[in-house]
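Novice: Provided below for reference: sequence and predicted model.
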Amino acid sequence: MSRIKQIRSAARAVIIHDGKLLATKMRDWRGVYYILPGGGQQPGETLEDAVKRECLEEVGVEVEVDRLLYVREYIGRNHRFSKSHSGFHQLEHVFRCHITDPHAVCIGHECDNHQIGVAWLALENIQAVPFYPAVIKQYFTLEGIEVPTLYLGDCN
């Protein structure tokens, strides 16, 4: 078992427009899957600045940060991808964000590893989509997202 050497702080965005969730489209040896736009916080950067920067880099648009929705931990050795993530521990701060022009969304200038695009996922079909963290799919409604707690714990 790999030893975790540090905890990575990250910021992610939930962006919903017309019943659709903005996601980054990823592909690796498991196939295609989707995640929320966002990523690692840099030293000296606020979480809000991190989510703004990451969205610009990954989905090509500036976002307006509304509010913190929830905090999620991901301790890789405890989940499905433990072989490849055994030494990884990330603390994610997930914000509700808005964009002014949903048609401006495009693949950004600095994509994540494995990112192959962006997608608007219909909330009415989110249960059938390979989306991570899968645990939050239960909190999406046709109108948006209703998370019952601020801290979701260690989940995938």
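Specialist: That came through fine.
Novice: so which residues of this structure form helices?
Specialist: In the chain, the helices defined using DSSP state H lie at 47-59, 82-85.
Novice: okay, these in a markdown table with distance to Gly108 and mean pLDDT next?
Specialist: Any C-beta I mention is one placed from the backbone N, CA and C, and that applies to glycine too. Shown next, in a markdown table, are these (distance: least, CB to CB, whole Å; pLDDT from 0 to 100):
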| stretch | distance to Gly108 | mean pLDDT |
| --- | --- | --- |
| helix 47-59 | 5 | 97 |
| helix 82-85 | 24 | 54 |
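Novice: who wins for proximity to Ala134 among those helices?
Specialist: With CB to CB as the measure, helix 82-85 is the member of those nearest Ala134 (14.9 Å).
Novice: name the single longest strand found in the chain.
Specialist: In the chain, with assignment by DSSP state E, the single longest strand is strand 64-75.
Novice: each with direction, which strands does that strand pair with?
Specialist: Applying DSSP bridges, strand 64-75 is found paired with strand 89-98 (antiparallel), strand 151-154 (parallel).
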